[in-house]
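Peer 1: Show me the folded form of this:
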Amino acid sequence: MYKYIYVEAKVSGLFVMESHRELIDKYSKKGWRFVAAIPKSSGSYGQIKVNDLVFEKYEEEQ
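Peer 2: Next comes the predicted model:
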């Protein structure tokens, strides 16, 4: 069974995520696999302000 977590990554400028690479590296070292980035909120003119980074990890069922 897979377990999922969602980590917020703020966007600075147009489509540039702040520290997204660092977040992905941080969670991959803990055994999480990056799956997707989902736009979470937008500002004026429709630009994306926050993305949810989705990570998964396989866990044996008990």
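Peer 1: From here on, just use CA atoms for contacts and neighbour counts.
Peer 2: OK.
Peer 1: Show me where the chain has its helices.
Peer 2: Assigned by DSSP state H, the chain shows helices spanning 20-29.
Peer 1: In this protein, where is pLDDT below threshold?
Peer 2: Applying pLDDT under 70 to the chain flags the ranges 13-18.
Peer 1: Now for the spatially most central residue of it: which residues touch it?
Peer 2: The residue lying closest to the centre of the chain (Cα atoms, centre = their mean) is residue 53, at 1.0 Å. Counting by Cα atoms under 8 Å, 6 or more residues apart in numbering, residue 53 makes contact with 6, 7, 8, 9, 34, 35, 36, 37, 38.
Peer 1: Could you list everything it pairs with in the sheet?
Peer 2: Judged by DSSP bridges, the bridge partners of residue 53 are residue 7, residue 37.
Peer 1: For residue 46, see how far away it is.
Peer 2: Relative to residue 46, residue 53 is positioned 19 Å away (Cα to Cα, to the nearest Å).
Peer 1: just residue 4 next, same as before
Peer 2: Residue 4 is 28 Å from residue 46, by Cα to Cα.
Peer 1: Out of those two, name the residue with the larger neighbour count.
Peer 2: Neighbour totals were compared for residue 4 and residue 46, and residue 4 leads with 13 against 8 (other Cα atoms under 10 Å).
Peer 1: Quick check: closest non-adjacent residue to the more buried one.
Peer 2: Distances taken as Cα to Cα, 6 or more residues apart in numbering place residue 56 nearest to residue 4, at 4.5 Å, with adjacent residues excluded.
Peer 1: That neighbour contacts residue 34, correct?
Peer 2: Yes: if you go by Cα atoms under 8 Å, residue 56 and residue 34 touch, sitting 6.6 Å apart.
Peer 1: Right, I'll call it a day here.
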